[in-house]
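S.K.: Here is the input, now give the coordinates:
(one chain, ligands or ions: 1)
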Amino acid sequence: MAISTIKWINNCARIIDQRKLPTKLVYIDCRNEKQMWHAIKTLAVRGAPAIGVAAAFGVLLGLKKFKGSDKYKFYKDFYALCDHIGSSRPTAVNLFNMLDRMKKTVEDHRDLPIPEIKKLLHKEAQAIYREDQRVCRQMGDFGEKLIQSGKNCLTVCNAGALATVDYGTALGVFYSAKKKGKKFKVYSCETRPLLQGARLTTWELLKQNIDTTLICDNMAATLMKQKKIDMIFAGADRIASNGDTANKIGTYSLAVLAKHHGIPLYIVAPRSTFDLKIKSGKQIPIEERSAREVTHMGGVQTAPANVKVYNPAFDVTDNQLITGIVTEYGIIRPPFAKNIKKTLRR
Ligand code: MRU
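M.R.: Presented below is the predicted three-dimensional model:
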């Protein structure tokens, strides 16, 4: 894939500034943890797996300035750093799972000198990065088998190369199907309020020569009624033990519509997006973002300045509405509580 969303280069984290797409492809070098926090918060880097990698790199950035050999101070700074990065966005569990991996690296090597621990943290962050590249391709290989030539697919938000290191989860399925020579169409919901579908998904699908059509979110029901949609592929930000899945706001509406029209809905997500500590979607924290994202579009005011706004960034799709979850281990089918456990705990 020609898209490199995030990478560690010259002691910095280089990211594509996704706020500028689709009109400008601009890279930012995050040189410290504050810049990385801000990049995550403002969606310069976004998408659950990419946020996970960004969090690991954020830890490396924050530790660059640590000098000396005082272990107590090192641990104190390290945990404060993890807390700081963890405060950027609450829903995508990849962020917390990757911070936990960095913490475990420190905890498993408490007795080593600080420079050695730092080296191991670099190794772990690179392992997280490479693992994302690998698992996305594995999910693509499992998922593409679901698509036959001639099918029309629908997707929401951006679960592509831009939401991962360089391949994607839901869109990775399309890339793998394309590689197999299959011919299919993809409809992309524009995904209000921040238009990740319109700005990012169509941008990267067109780059890969995939037959892509953009629709407004409120057109999905009509397309389903017109039998223009055969299957839906979406990513995830957090999947509970019972399969309830948080993803970009609007995914739940699509799932309800899909059920009514008899259309299968597949979630595509790696192990790092599962939260086995929680029983159901009720326990998933849902990020609420600023009113301005709803009252303005591209800097232009589209609603009265004093109107009340509710802006949850994610919703939870109940497991009964999900046909299958494509993971790097294969496709998990219902009953999800039993099969998620069986697949991920082996
Ligand atoms: O607010 P965003 O753009 O970070 O939301 C992203 C999504 O909801 C994606 O669908 C999800 O993270 C899966 S990305 C492979």
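S.K.: Roughly how far does Pro90 sit from Ala161?
M.R.: Here the criterion is C-beta to C-beta, to the nearest Å. By it, Pro90 lies 24 Å from Ala161. Quick note: C-beta positions are derived from backbone N, CA and C, even for glycine.
S.K.: ok, those two, which is more surrounded?
M.R.: Ala161 (29 against 18; other C-beta atoms under 10 Å).
S.K.: Pull up the residues of the stretch 151-300 of the chain that are close to the ligand.
M.R.: In this structure, the stretch 151-300 of the chain approaches the ligand at residues 157, 159, 163-164, 169, 196, 235-237, 247-248, judged by C-beta under 6 Å from any ligand atom.
S.K.: So Thr222, which state does it fall into?
M.R.: helix (DSSP: H, G, I helix; E, B strand; the rest coil).
S.K.: Quick check: closest non-adjacent residue to Pro113.
M.R.: Nearest non-adjacent residue to Pro113, counting by C-beta to C-beta, 6 or more residues apart in numbering: Ser69, 7.1 Å away.
S.K.: you'd agree the one you found is up against Glu116?
M.R.: No. Here Ser69 lies out of contact with Glu116, judged by C-beta atoms under 8 Å, at a distance of 11.5 Å.
S.K.: before we move on, back to that, quick one: which of the residues of the stretch 151-300 of the chain next to the ligand is nearest Leu61?
M.R.: Within the set of those, Thr164 lies nearest Leu61; the separation is 19.9 Å, counting by C-beta to C-beta.
S.K.: pLDDT score assigned to the closest residue in space to that closest one that isn't next to it in sequence?
M.R.: Take Thr164 and drop its neighbours on the chain: the residue closest to it by C-beta to C-beta, 6+ apart is Pro49, 4.3 Å away. Residue-level confidence at Pro49 comes out at 98, pLDDT.
S.K.: cool, and Arg346?
M.R.: 68.
S.K.: so who does Ala240 touch?
M.R.: Contact criterion C-beta atoms under 8 Å, 6 or more residues apart in numbering gives 275, 278-281, 283-284 as the residues in contact with Ala240.
S.K.: That one bridge partners, please.
M.R.: Per DSSP bridges, residues listed as beta-bridge partners of Ala240: Asp275.
S.K.: re the thing from before, among the residues of the stretch 151-300 of the chain next to the ligand, which ones are in helices?
M.R.: Gln196 (DSSP state H).
S.K.: Could I get the residues of the stretch 151-300 of the chain next to the ligand in a markdown table, plus columns for neighbour count and pLDDT?
M.R.: As requested, those are arranged in a markdown table below (neighbours: other C-beta atoms under 10 Å; pLDDT from 0 to 100):
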| residue | neighbour count | pLDDT |
| --- | --- | --- |
| Cys157 | 29 | 98 |
| Ala159 | 33 | 98 |
| Ala163 | 32 | 98 |
| Thr164 | 32 | 98 |
| Thr169 | 32 | 98 |
| Gln196 | 26 | 98 |
| Gly235 | 30 | 98 |
| Ala236 | 28 | 98 |
| Asp237 | 32 | 98 |
| Asn247 | 29 | 98 |
| Lys248 | 27 | 98 |
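S.K.: For Ala2, see how far away the closest residue to Lys64 other than its chain neighbours is.
M.R.: Take Lys64 and drop its neighbours on the chain: the residue closest to it by C-beta to C-beta, 6+ apart is Asn11, 6.9 Å away. Look at Asn11 and Ala2: by C-beta to C-beta, they are 24 Å apart.
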